[in-house]
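Engineer: Below is the sequence, then the predicted model.
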Amino acid sequence: MIGLVVNPVAGVGGPAGLAGSDGADVQRLAVSRGARSRVQERAALALTVLAAQHPGLVVATAAGEMGADAVRAAGLVPCVVYAPCSSRSLSERALGDRDETPSAAVDLGGTRFVSPAARSTTEGVDTSHAVAAVAAAGADLVLVVGGDGTLRDAAAGLGAAGAAFAIQSEFPVPRGSRRFETGSGESLLNCEPTDREPDARMPAILGIPAGVKMYSPVFAVSPRAAGALAADWVTRGGLPTDDREVLDIDEAAMRRARVEPTLHAMLRVPYLPGRTQARKAATPASEAAAVAAAARGAVSQMRPGIRYLLGPGGTTAEVARQLGVQGSPLGVDVILDGAVVVRGASEQQLLAEIARGPAQAVVTVIGGQGFLLGRGNQQLSASVLRALGDDPLLVVAPEQKLIDLHGRPLLVDTGDLELDARLAGHVRVVTGVGSSSQYAVTAPELTPV
């Protein structure tokens with residue numbers, strides 16, 4: 001059985017320039033800045049690919065925005081095994097009150113299934129509990145929609161030791177369960193329990209990229225690739241898997257200029273070349289000279305009167321250092337004539353700056369993965385890139401990052417297929433003063449699955 005768990009607030013902080021979406025206060029601030037999460041569209045896109053090969057497939061999931069909505073949107077059948085909270089929309093919840101009511105519990109054949117009370121928003125514990133419930137329902141592959149923080153919560157749901165039996169004992173799905181109405185109008189456990197015995201191994205997990213930070217190698221390269229992997233999993237009764245790291249950055253520390261990715265867990269992830277993304281590779285200290293040279297090359301091409309939207313990354317941080325300005329960690333800064341005009345800009349602030357004069361985005365390559373757009377720089381949205389015109393990108397990277405891709409193309413994932421197609425082809429990558437490389441660019445969402 002395929003499972004699905006959606007983090008309804010994943011990615012909302014990206015366009016708002018908040019470099020993450022952790023915490024209710026951050027989510028409310030993001031919504032107040034006009035940001036919205038694309039998580040539902042990306043979940044439905046993955047499931048649509050799955051539905052094309054397996055129409056009518058039953059998917060174990062959580063109620064409402066945590067999964068059932070996307071399952072129905074794709075034409076599949078939701079088996080709701082977890083009810084997190086009310087069905088209010090993200091914007092209503094993020095801007096609403098924070099009152100809480102006591103948790104509700106339903107009796108399932110002698111076992112009390114505790115559902116969190118209606119809160120102002122979902123929390124990380126909802127993801128953890130939903131993944132645990134979906135695993136207990138018999139899912140052997142769980143699709144988790146979000147970013148690194150969401151996958152960290154998913155790993156916690158499987159238990160620190162990764163023991164599936166521990167999950168099944170905490171969240172049992174008894175045979176012959178009745179239907180129970182949740183606060184969102186869903187029917188809890190609205191499908192027949194599986195006949196098979198629980199697998200002693202924990203289920204495989206596959207991330208559908210929809211967050212801000214997606215450095216962990218537990219994600220598919222795109223929603224469509226995730227859907228294709230899930231479809232192949234159902235067709236073949238499984239796929240090769242690999243134990244992969246869940247990495248996450250402490251967002252509070254990051255906002256204090258401390259970027260320290262930490263290993264939080266290992267997950268069993270289905271792997272097929274070209275469909276599962278690689279781990280983000282840090283630039284070795286030994287390549288500092290190459291990074292500095294690439295940054296000098298980019299600085300040498302900057303012109304007076306042009307606003308440069310300096311994206312996140314170690315190489316772009318070196319560009320900022322050589323310009324003599326203090327960049328924001330993992331943010332997008334607007335630089336004009338060697339001075340910071342806007343630090344940590346949101347999508348709306350970037351659009352406002354572009355309207356004032358010519359501009360260009362300065363981006364680098366995520367080592368190991370090859371992403372240019374769509375990973376950690378969602379402020380550079382499709383709207384922003386379109387507003388930049390025919391030459392939107394100044395790409396800068398040390399040559400070794402390109403060599404380490406072993407011929408794999410650079411990747412763009414803006415969420416706008418027409419724009420992705422326009423950006424695909426080849427791009428000039430500045431690797432030093434007077435040196436550059438023409439390198440292939442593709443969009444995972446446009447790659448045949």
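Structural biologist: Now that the structure is in, tell me what you want to look at.
Engineer: Look up which residues are beta-bridged to the residue lying closest to Gln360 once chain neighbours are set aside.
Structural biologist: Among residues not flanking Gln360 along the chain, Leu394 sits closest, at 5.3 Å (C-beta to C-beta, 6 or more residues apart in numbering). Every residue, glycine included, has its C-beta placed from N, CA and C. Residues in a beta bridge with Leu394, per DSSP bridges, are Val362.
Engineer: pLDDT value on Leu394, please?
Structural biologist: Note on Leu394: pLDDT of 97.
Engineer: pretty sure it contacts Val363?
Structural biologist: Yes. The criterion here is C-beta atoms under 8 Å, and Leu394 meets it with Val363 at 7.5 Å.
Engineer: Same drill for those two, tell me which one is more crowded.
Structural biologist: The neighbour comparison of Leu394 against Val363 (other C-beta atoms under 10 Å) goes to Val363, with 28 against 25.
Engineer: which residues touch that one?
Structural biologist: Shown in contact with Val363 (C-beta atoms under 8 Å, 6 or more residues apart in numbering): Gly311, Gly313, Thr316, Leu372, Leu373, Asn377, Leu380, Leu393, Leu394, Val395, Val396.
Engineer: Mind doing that once more with 7 Å?
Structural biologist: Gly311, Leu372, Leu373, Asn377, Leu393, Val395 (C-beta atoms under 7 Å, 6 or more residues apart in numbering).
Engineer: Please report how far the first one lies from Met1.
Structural biologist: Translated: Gly311. The gap separating Gly311 from Met1 is 40 Å, by C-beta to C-beta, to the nearest Å.
Engineer: returning to that earlier point: which two from the contacts of Val363 end up farthest apart in space?
Structural biologist: Spatially, the most separated pair among the contacts of Val363 is Asn377 and Val395, at 12.3 Å (C-beta to C-beta).
Engineer: Between those two, point out the one with more neighbours.
Structural biologist: Asn377 (26 against 23).
Engineer: Can you read off the pLDDT for the more buried one?
Structural biologist: 89.
Engineer: what about stretch 318-329, how long is it end to end?
Structural biologist: For stretch 318-329, the first-to-last residue distance is 12 Å (C-alpha to C-alpha, to the nearest Å).
Engineer: and that stretch, which residues are buried?
Structural biologist: Within stretch 318-329, the residues that count as buried by 16 or more other C-beta atoms under 10 Å are Glu318, Val319, Ala320, Leu323, Gly327, Ser328, Pro329.
Engineer: same deal with stretch 402-415?
Structural biologist: Under 16+ other C-beta under 10 Å, the buried positions of stretch 402-415 are Leu402, Leu405, Pro409, Leu410, Leu411, Val412, Asp413, Thr414, Gly415.
Engineer: Sounds good, over and out.
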